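S.K.: Structure of the sequence below:
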Amino acid sequence: MTAKFAAPTDTAIPIYVVPKGDLSAAPENARAWAANIAFDGALGNTLLVPGMDGKTDCALIGSGTAAAQVRSRFAIGGASKSLPDGIYQLATPLGYDEANEFALAWLLSEYSFTRYAGRPSTHPNLIAPTGVNAQALEAIAEGECLTRDLINTPASDMGPEELANAASKLAEKHGASFSTIEGGDLIAQNFPMIHTVGRASTRSPRLIDMRWGDSGPKLTLVGKGVCFDTGGLNIKPGGSMGLMKKDMGGAATVLGLAHMIMAINLPIQLRMLIPAVENSIDGNAFRPQDILTSRKGLTVEINNTDAEGRLVLADALTYADEDSPDLVISMATLTGAARVAVGPDLSPFYTDHDADASALAESAAKVADPVWRMPFHDPYESMIEPGIADLDNAPKGGFAGSITAALFLRRFVDARYMHFDIYGWQPSSAPARPKGGVGMGARAVLDALPKMLNL
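M.R.: A predicted model of the protein is given here:
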């Protein structure tokens, strides 16, 4: 879907944002009307105020208390969902960051997934608030909507080929180069672990490669594209398999982020790599206790075929590293351990570079895209060293599952590296974030990139 601001018009309905218990920022007639029906400015509450002609004169949106805002991001702009169709304009002066969050929340609230049922609903339109970068906000919203659409699409219509097609369309839109390596060519061109994980599926595994920009620092995004994960021979129970269409959430997120970068024309050389596979069960599926040799030459003992994401990422990360990038960022729905640690809303990330971590944390708070730094804890390196091979893909015991997965991936990158272990799913509807696929960390990264890459 396309998320756009409305064109300016003299007939737009003004919106006043009012804190809880204080209607002084609203017009006098609105204050009287609000008092009449006990509207007190609670967070996310809305009120339409009629004029003398019976038409809507203005709208009020409650901003609640500071404590309430901390507990619910996007609640003010996301309140647009409860307003009727029309064109609206923010009349209350907000700070730059607050106006950006309000406007972005409004755009993200327009999202609905209607590929299989229903129809795109009409929605209230907002004129871009004064001072915000409307083009950038539209690009961010469109990137997020792309991510949501890709994750929400079931695996029957979003296999490795369809994921490659989505990347190809994005490349064509922005004038980027695009190529894939698939099937037996993965073996011929030395991507053995991508091929091994995907070979049991009837849908051919592939490595998606997109490049854009010819000057500036080199950024490579790597996204886990496991389009469905049965767990392989270590098959998942039904309850754990139910959401596995979202196991390509890392790929969907880097596609959305790539769109944002290209749409705002960030002055960098961008590369995006996605190992796209389906982890299935067949006579040629890889087995527990197999030992695989990676593109980098490191051997990996397979102690759980359900820890397949790190295998395909390892080959892709090695390939990324061969290009001597200035920064590599991987995104993956990699471990349940990360969800246990921080829940579904925070994006755990790993980096050895304190300056990058600080820049990201600052941006995350600024753009309401929360992240949490996790440690590359070197003493745990021994946990991923089985002895019979260089690496173990699933250390026994269950301790520090997200950290050991991140340490595993770090073995394949010599360049400056940041890894995200995201969830990619909104378990229940929240302001501007309907239940379903969701991007995580992309907006924070986008905002932090100028600092991290010295742009």
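S.K.: Which neighbouring elements make contact with the longest strand along the chain?
M.R.: Longest strand in the chain by number of residues (criterion: DSSP state E): strand 269-279. Packed against strand 269-279 by the contact rule (3 or more CB pairs under 8 Å, 6 or more residues apart in numbering; DSSP states H and E) you find helix 160-174, helix 192-198, strand 206-212, strand 218-223, strand 225-229, helix 249-263, helix 309-321. C-beta coordinates here come from the backbone N, C-alpha and C atoms, glycine included.
S.K.: How far off centre is the second one?
M.R.: What it means is helix 192-198. 25 Å (CA atoms, centre = their mean, to the nearest Å).
S.K.: same for it, what does it pack against?
M.R.: helix 185-188, strand 206-212, strand 269-279, strand 291-293, helix 309-321.
S.K.: could I get these as a markdown table with mean neighbour count?
M.R.: Formatted as a markdown table, the helices and strands packed on helix 192-198 follow (neighbours: other CB atoms under 10 Å):
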| stretch | mean neighbour count |
| --- | --- |
| helix 185-188 | 16 |
| strand 206-212 | 23 |
| strand 269-279 | 27 |
| strand 291-293 | 16 |
| helix 309-321 | 26 |
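S.K.: closest one to residue 235 among those?
M.R.: For the helices and strands packed on helix 192-198, the distance to residue 235 is smallest for strand 269-279, at 10.0 Å, taking CB to CB.
S.K.: Give me the sheet partners of that closest one and which way each runs.
M.R.: The pairing partners recorded for strand 269-279 under DSSP bridges are strand 206-212 (antiparallel), strand 218-223 (parallel), strand 225-229 (parallel).
S.K.: how big is the angle separating that strand from helix 160-174?
M.R.: Interaxial angle, strand 269-279 versus helix 160-174 (axes from the mean of the first three to the mean of the last three CA atoms, to 10 degrees): 160 degrees.
S.K.: Strand 269-279 relative to helix 309-321, how many degrees between them?
M.R.: With the same axes, to 10 degrees defining the directions, strand 269-279 sits at 150 degrees from helix 309-321.
S.K.: could you check the angle helix 249-263 makes with strand 269-279?
M.R.: 160 degrees.
S.K.: so how far is strand 269-279 off the chain centroid?
M.R.: Distance, stretch centre to chain centre, for strand 269-279: 15 Å (CA atoms, centre = their mean).
S.K.: Just put the helices and strands packed on strand 269-279 in CSV and tack on mean pLDDT and distance to residue 143.
M.R.: Formatted as CSV, the helices and strands packed on strand 269-279 follow (pLDDT from 0 to 100; distance: least, CB to CB, whole Å):
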stretch, mean pLDDT, distance to residue 143
helix 160-174, 98, 10
helix 192-198, 98, 25
strand 206-212, 98, 14
strand 218-223, 98, 12
strand 225-229, 98, 17
helix 249-263, 98, 4
helix 309-321, 98, 21
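S.K.: ok, residue 454 to residue 374 distance?
M.R.: As defined by CB to CB, to the nearest Å, residue 454 lies at a distance of 25 Å from residue 374.
S.K.: What is the neighbour count of the residue lying closest to residue 299 once chain neighbours are set aside?
M.R.: Nearest residue to residue 299 in three dimensions, chain neighbours excluded: residue 389, at 4.1 Å (CB to CB, 6 or more residues apart in numbering). Close neighbours of residue 389, defined as other CB atoms under 10 Å, add up to 18.
S.K.: so how far is residue 190 from residue 389?
M.R.: 18 Å.
S.K.: would CSV of the helices and strands packed on helix 192-198 with distance to residue 68 be doable?
M.R.: Formatted as CSV, the helices and strands packed on helix 192-198 follow (distance: least, CB to CB, whole Å):
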stretch, distance to residue 68
helix 185-188, 51
strand 206-212, 41
strand 269-279, 39
strand 291-293, 51
helix 309-321, 37
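S.K.: how about the strands of the stretch 51-200 of the chain, start to end?
M.R.: Listed in chain order, the strands found in the stretch 51-200 of the chain under DSSP state E, counting those that start in this stretch are 56-64, 87-90, 125-126, 177-182.
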